[in-house]
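# give me a model of this one.
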Amino acid sequence: MSLGPIFVAGTNGSGTRAFASVLEAAGVYQGLDKNEEFEPLAVLPFTRDSVPRLVAAAASPTYELEALSPEIVVPMKQWLRRHADGLRRERPAPDARWGWKHPRNLFIAPLLAHVFPDCFYLHVVRDGRDLAFAANQGDVLRFHADIVGPGEPGPVEIAAFWARVNCEVSRWCRERLAERYQVVRYESLCTDPEGTVARMSSVLGIELSREALAACASRVRPTQRLGRWQAADGRLRREIEAAAEAGLALFGYDASPERAMSTAAGGSSDRST
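From the prediction side, this is the model:
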């Protein structure tokens, strides 16, 4: 199996920045100029302008490219190939792995898989009940109407959006990418950095010495806000759990409030292929 580029995806607030930082420590080249969210600056115009057009046309985070207008798809393919060529030229060694992190990679998995058929796709998830109260809801606000329908998304709608998008992308990737796909929970990285990095690097085909593994794990800065959804009142908490139920089940989160913190602490394993 060839070792292609690595793309990190996840909804806003899911922890993609932490994983991108770990990958950099593991030698994955992601470009020189990045913002504080660890997103390559060169990628931002593409994700700001082109990705919303694609999602609006597809009305889904997954799609068949042949069903979409070439006017949308062809320029996106061309941009991705140009950017990839630049990264390959810039990387510090001819055989260095490369790729990039951006939450909106979550909405272009079919496009990335088409342009880079040897790519690896790292799908980062965080408990949708926590993300229902995240400060950054940019992609929910931008894509909710296209994917779910009109309406002002509150915590319950955000949880439903989280479940729908992540479940659809995970199922598509499991079917189409197989061993090139890994879903990993942010909570696992926070509570077991070395173990999570070891499992992740194994799937991605990255060989790490014991010292390199420790260096990668040292990049992790665990959040203290795991389980913040439990501060909500009982009725709202139940509504959020019901809305997120499909995703909680698929990604191994315990929907029982009294056991939720043990899940956040790594009580169940990541579901990955």
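# going forward, measure contacts and count neighbours with C-alpha atoms only.
Noted.
# would you say I72 is within a helix?
Yes. Counting by DSSP: H, G, I helix; E, B strand; the rest coil, I72 is part of a helix.
# now do it against S50, distance only.
8 Å (Cα to Cα, to the nearest Å).
# now swap in D85 and tell me
For D85, the distance to S50 - Cα to Cα - is 19 Å.
# looking at these two, which one has more neighbours?
Ranked by neighbour count (other Cα atoms under 10 Å), D85 and S50 place S50 first, with 16 against 11.
# list the contacts of that one.
Going by Cα atoms under 8 Å, 6 or more residues apart in numbering, S50 touches 72, 76.
# quickly find the element holding it.
helix 44-58 (DSSP states H and E).
# okay, buried residues for that helix please.
By 16 or more other Cα atoms under 10 Å, the buried positions in helix 44-58 come out as 47, 50-52, 54-55, 58.
# helices of this structure, start to end?
16-25, 44-58, 70-90, 109-115, 128-131, 138-147, 155-176, 186-191, 193-204, 210-217, 234-250, 260-264 (DSSP state H).
# in a markdown table, list the ones you listed along with distance to V8 and mean pLDDT.
Formatted as a markdown table, these follow (distance: least, Cα to Cα, whole Å; pLDDT from 0 to 100):
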| stretch | distance to V8 | mean pLDDT |
| --- | --- | --- |
| helix 16-25 | 7 | 92 |
| helix 44-58 | 14 | 95 |
| helix 70-90 | 15 | 96 |
| helix 109-115 | 10 | 98 |
| helix 128-131 | 18 | 94 |
| helix 138-147 | 16 | 92 |
| helix 155-176 | 13 | 96 |
| helix 186-191 | 12 | 91 |
| helix 193-204 | 11 | 93 |
| helix 210-217 | 16 | 90 |
| helix 234-250 | 19 | 95 |
| helix 260-264 | 21 | 39 |
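# quick one: closest of those to H102.
Closest approach to H102 among the helices of the chain (Cα to Cα): helix 16-25, 7.4 Å.
# what does the closest one contact?
Contacts for helix 16-25 (Cα under 8 Å, 6+ apart): 8-10, 30, 37-39, 100-103, 124, 197, 212, 215-217, 219-221.
# what of stretch 56-71?
Contacts of stretch 56-71 (Cα under 8 Å, 6+ apart): 55, 73, 106-111, 143, 146-147, 165, 168-169, 172.
# repeat that for stretch 134-149.
11-13, 52, 55-56, 59-61, 104, 150-151, 153, 158, 161.
# now find how far off-centre that stretch is within its chain.
Relative to the chain's own centre, stretch 134-149 is displaced by 15 Å; criterion: Cα atoms, centre = their mean, to the nearest Å.
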